[in-house]
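A.B. asks: need coordinates for the below:
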Amino acid sequence: MASAFLCSPAATAAASVTRQPLHLSSKLPFPKLPFKPISKNNRQTTKLYVSSPTNQPAATTSTPSKPSSKNPKEETIFFDGGAHYGDLVANLLLGFTLLWLPLTLAAVSRAFFLRYRFTNLRVTVISGLTGQDRSDFSYKVIKDVQVVPRFIGEWGDVIITLKDGTKVDLRSVPRFREIAKYCLAMAEKPVVLKETGPKGF
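C.D. replies: Numbering: from 1, shown residues only. Down below sits the predicted model:
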C-alpha cells in the first residue's frame, strides 16, 4: 500500500513540485524601510570645523589682534614615589625584636600609605589608606631645606621649613639630596644643603 501511494500521480506531482528551485518574488509584502541603500560611490563624509576657511586668505585689518590667552604653566613631575624600600627591609629585619616592633610598624605604614610628589609647581604629600589625606604647598613658601641621612646615606629625611615657621618632615625619602637641591632651586634659594651626620634608620 505504501508503494501504491508513492506511485500515485499526486505523489509524483508533489515530488516534482518540491524539486523545483525556489524563486522569490519581488512583490512580497515587506514594509518599506526608511533608509536608503548605500551605493559604492557614496562615502561617508566627515565635517571638519576650522577657525578660518582654508580656501580664503586671511583678511588684514588695521586693528591689532588680541593676544591669545596662554594656558597656565604645565605641571611636570620631578619625583613621585613612596618611602625608600631599604627603610622597610631594615625595619622588618629588626622587627623580630620586641623593642623595635613599633618602629617596624611605622616603616610598614610609610611604605604602603605614604607618597611624595615633587613637581615644578608644588610639593605634595599623600597619606592615608585611600590617599584621602593630602597636603600641598608651593615652593614660594619655603624658607629652608635640611637633610638628615639615614642608615649609610642610602635614604634620608628632608625637613622643609616654611615661612610661617611650620616644619614639614618627609621621612625615608629616596634621592633625598637631589630632591632637597631641587626644592631649594625651585624656591630660588642658594643651593647649599644643611646636612647632619647619618642617624639610625
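A.B. asks: so G82 versus T97, what's the distance?
C.D. replies: According to CB to CB, to the nearest Å, G82 stands 25 Å off from T97. Placement of C-beta: from N, CA and C, glycine included.
A.B. asks: who's more crowded, the two?
C.D. replies: G82 (18 against 9; other CB atoms under 10 Å).
A.B. asks: nearest spatial neighbour of the more buried one, skipping sequence neighbours?
C.D. replies: Spatially, and ignoring its direct neighbours in sequence, G82 is nearest to R115 (5.1 Å; CB to CB, 6 or more residues apart in numbering).
A.B. asks: how near is V173 to L105?
C.D. replies: In this view, V173 and L105 are 20 Å apart by CB to CB.
A.B. asks: which ones are touching V158?
C.D. replies: Going by CB atoms under 8 Å, 6 or more residues apart in numbering, V158 touches V145, Q146, V147, D169, L170, V173, F176, I179, A180, C183.
A.B. asks: go again with 7 Å.
C.D. replies: Neighbouring residues of V158 by CB atoms under 7 Å, 6 or more residues apart in numbering: V145, V147, L170, V173, F176, I179, A180.
A.B. asks: can you confirm the last one is in a strand?
C.D. replies: What it means is A180. No: under DSSP: H, G, I helix; E, B strand; the rest coil, A180 sits outside any strand and is assigned helix.
A.B. asks: how near is it to F112?
C.D. replies: In terms of CB to CB, A180 sits 24 Å off from F112.
A.B. asks: looking at these two, which one has more neighbours?
C.D. replies: A180 (24 against 12).
A.B. asks: pLDDT at the more buried one, what is it?
C.D. replies: What the model reports for A180 is a pLDDT of 94.
A.B. asks: ok, now how distant is it from V123?
C.D. replies: Per CB to CB, A180 is found 11 Å from V123.
A.B. asks: try V141
C.D. replies: Distance of V141 to V123, given as CB to CB: 10 Å.
A.B. asks: neighbour count winner among these two?
C.D. replies: Comparing V141 with V123 by other CB under 10 Å, the one with more neighbours is V123, at 26 against 15.
A.B. asks: so the residue lying closest to that one once chain neighbours are set aside: helix, strand or coil?
C.D. replies: Nearest-residue entry for V123: F137, 5.7 Å, with adjacent residues in sequence omitted and distances by CB to CB, 6+ apart. Three-state call for F137 (three-state DSSP): strand.
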